[in-house]
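Q: Please work out how this folds:
(chains A, B, C and D)
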2 protein chains.
Amino acid sequence: MRYRREDVVARALRVLDDYGLADLTMRRLGTELGVRPSALYHHFANKQSLLAAVADEILDRAPWPVHEEWEQQVALVCSVLRDSLLAYRDGAEVVASVWSFGLGASRPYDELLRALGKGGLGDLAPVAARTLLHFVYGHAVDEQTHLQAAAVGAIPDDVREESDFETGLGLVTAGIFLARAVRSAE
Amino acid sequence: MRYRREDVVARALRVLDDYGLADLTMRRLGTELGVRPSALYHHFANKQSLLAAVADEILDRAPWPVHEEWEQQVALVCSVLRDSLLAYRDGAEVVASVWSFGLGASRPYDELLRALGKGGLGDLAPVAARTLLHFVYGHAVDEQTHLQAAAVGAIPDDVREESDFETGLGLVTAGIFLARAVRSAE
DNA sequence: ACCTGAACACCGTTCAAGT
DNA sequence: ACCTGAACACCGTTCAAGT
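A: Numbering: from 1, shown residues only, chains lettered A, B, ... in the order given. The predicted model follows:
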């Protein structure tokens, strides 16, 4: 009945996926592990750190792409990220907030930065990367929220036809690719 | 000592701005009004409804622009929205989550939809509007979070040079304007 | 190193009852 | 219509003490 940090993270991710973020409490997780809530503070300084580890675990399991044309690499990273977020209940919200608070979840940013750097975006790369992340996180949180609301029946199961993710992503990447073309023409 | 719904909303907005979202609790708000927490449930069904009203109040106070070229109108709506979110502590998070949960805060979406419709975006308008909102909300939440963290001293007061909001917005709008041009050329 | 026991200072929400 | 009083079922976190 003794756990290591990684055991706790794995269990937390299961609780998240099974019951949602609202039910991922220190007390609930303790119960799930057969341990007092205070025991968790031996492994994590606080709940935020736990959530940061959960976010990183989600991202570590993602099949990050390689060896592509940089434009495709950018789009692929975004798609892989989205799929990873949607693979766990409330995954988008957890990862987005950990990243926003600067507590971790930096892998997607790094991936985008590399791809954009390869494309010669120069000092525009950081803004472009963050803009892409804002879109992906925002879209994924929205989609996951509505899926959840529809599942509970709180909302008329709207058939937002087959996800407009690719369309929206296309708009953002078009702007970025255009900026690069303009920049290299100067 | 008797309040109407709007009095409660106004006070809630003040508590939010003065102490932040984490301290905007039903109990705290009750104390602030000199009233038991249970009294608030006469005015609002639950805390989410209260927050929805607060979000709408923030947006109602915004100076929504009119009479511009549609491209400028789109950019202006985004800038006005951003300023409104940053005008109150944790304003971005409150408005973004209310909108995401479908409980209100729909004014910005309506404004963008109208401007984009004027521009002839056709059935691309809804995706474009949501994409813009994802950017604005994501960027504002980020900025507000980092401002807060820097104020508390939790983070090295990073001088993210004069906000890259306009640059990022430029990337997204460029993609949208390009899509419209391509579409009208077909 | 990892956990228990017990406490502290909170939450949102409900509901009968008051004026 | 608006509020009180009292309760229910929870939170995150700390800390001395155990093994």
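
Q: only C-alpha atoms for contact and neighbour calcs from this point on.
A: Noted.

Q: all strands of chain A, in order?
A: For chain A, applying DSSP state E gives no strands.

Q: What segments of it are helices?
A: Assigned by DSSP state H, chain A shows helices spanning A:5-19, A:26-33, A:47-60, A:70-86, A:91-100, A:107-118, A:125-152, A:165-185.

Q: export stretch A:8-28 as CSV, just CAs?
A: Provided in CSV are the C-alpha atoms of stretch A:8-28 (Å, rounded to 0.1, in the frame of the first residue of the first chain):
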residue,chain,number,x,y,z
VAL,A,8,-0.5,8.7,-8.0
VAL,A,9,-0.4,10.6,-11.3
ALA,A,10,-1.6,7.5,-13.2
ARG,A,11,-4.5,7.1,-10.7
ALA,A,12,-5.3,10.8,-10.9
LEU,A,13,-5.6,10.6,-14.7
ARG,A,14,-7.9,7.6,-14.3
VAL,A,15,-10.1,9.5,-11.9
LEU,A,16,-10.1,12.5,-14.2
ASP,A,17,-11.1,10.4,-17.2
ASP,A,18,-13.8,8.4,-15.3
TYR,A,19,-15.4,11.2,-13.2
GLY,A,20,-14.2,14.6,-14.6
LEU,A,21,-12.2,17.5,-13.2
ALA,A,22,-14.8,18.5,-10.6
ASP,A,23,-14.5,15.1,-9.0
LEU,A,24,-10.8,15.0,-9.1
THR,A,25,-10.3,16.1,-5.5
MET,A,26,-7.4,15.4,-3.2
ARG,A,27,-9.9,13.6,-0.9
ARG,A,28,-11.4,11.6,-3.7
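
Q: where's that stretch relative to the chain centroid, distance-wise?
A: Taking CA atoms, centre = their mean, to the nearest Å, the mean C-alpha location of stretch A:8-28 is offset from the chain mean by 17 Å.

Q: do that stretch and DNA strand D meet at all?
A: Yes: judged by CA under 7 Å from any atom of the strand, stretch A:8-28 comes into contact with DNA strand D at A:23-28.

Q: touching DNA strand C at all, that stretch?
A: No: Stretch A:8-28 lies out of reach of DNA strand C by CA under 7 Å from any atom of the strand, never closer than 8.4 Å.

Q: Make JSON lines out of the residues of stretch A:8-28 next to DNA strand D and add neighbour count.
A: JSON lines is the format used below for these (neighbours: other CA atoms under 10 Å in any protein chain shown):
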{"residue": "A:23", "neighbour count": "13"}
{"residue": "A:24", "neighbour count": "20"}
{"residue": "A:25", "neighbour count": "15"}
{"residue": "A:26", "neighbour count": "19"}
{"residue": "A:27", "neighbour count": "15"}
{"residue": "A:28", "neighbour count": "16"}
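
Q: picking up where we left off before, nearest to residue B:108, of the helices of chain A?
A: helix A:125-152 (15.3 Å; CA to CA).

Q: re the thing from before, which of the helices of chain A sits most buried?
A: Mean neighbours per residue, mean count of other CA atoms under 10 Å in any protein chain shown, is largest over the helices of chain A for helix A:91-100, with a mean of 23.

Q: Which elements pack onto it?
A: Packing partners of helix A:91-100 (3 or more CA pairs under 8 Å, 6 or more residues apart in numbering or on different chains; DSSP states H and E): helix A:47-60, helix A:70-86, helix A:125-152, helix B:125-152.

Q: Direction-wise, compare the last one with helix A:125-152 and give the angle.
A: Taking axes from the mean of the first three to the mean of the last three CA atoms, to 10 degrees, one finds helix B:125-152 and helix A:125-152 inclined to each other by 110 degrees.

Q: Helix B:125-152 packs against which elements?
A: Where contact means 3+ CA pairs under 8 Å, 6+ apart, helix B:125-152 is packed against helix A:91-100, helix A:125-152, helix A:165-185, helix B:70-86, helix B:91-100, helix B:107-118, helix B:165-185.

Q: averaging pLDDT over each of the ones you listed, which comes out lowest?
A: Looking at the helices and strands packed on helix B:125-152, the lowest mean pLDDT belongs to helix A:125-152 (a mean of 92).

Q: Could you check how far the residue in chain A that DNA strand D sits nearest to is from residue B:112?
A: Of all residues in chain A, the one sitting closest to DNA strand D is residue A:25 (3.2 Å; CA to the nearest atom of the strand). The gap separating residue A:25 from residue B:112 is 38 Å, by CA to CA, to the nearest Å.
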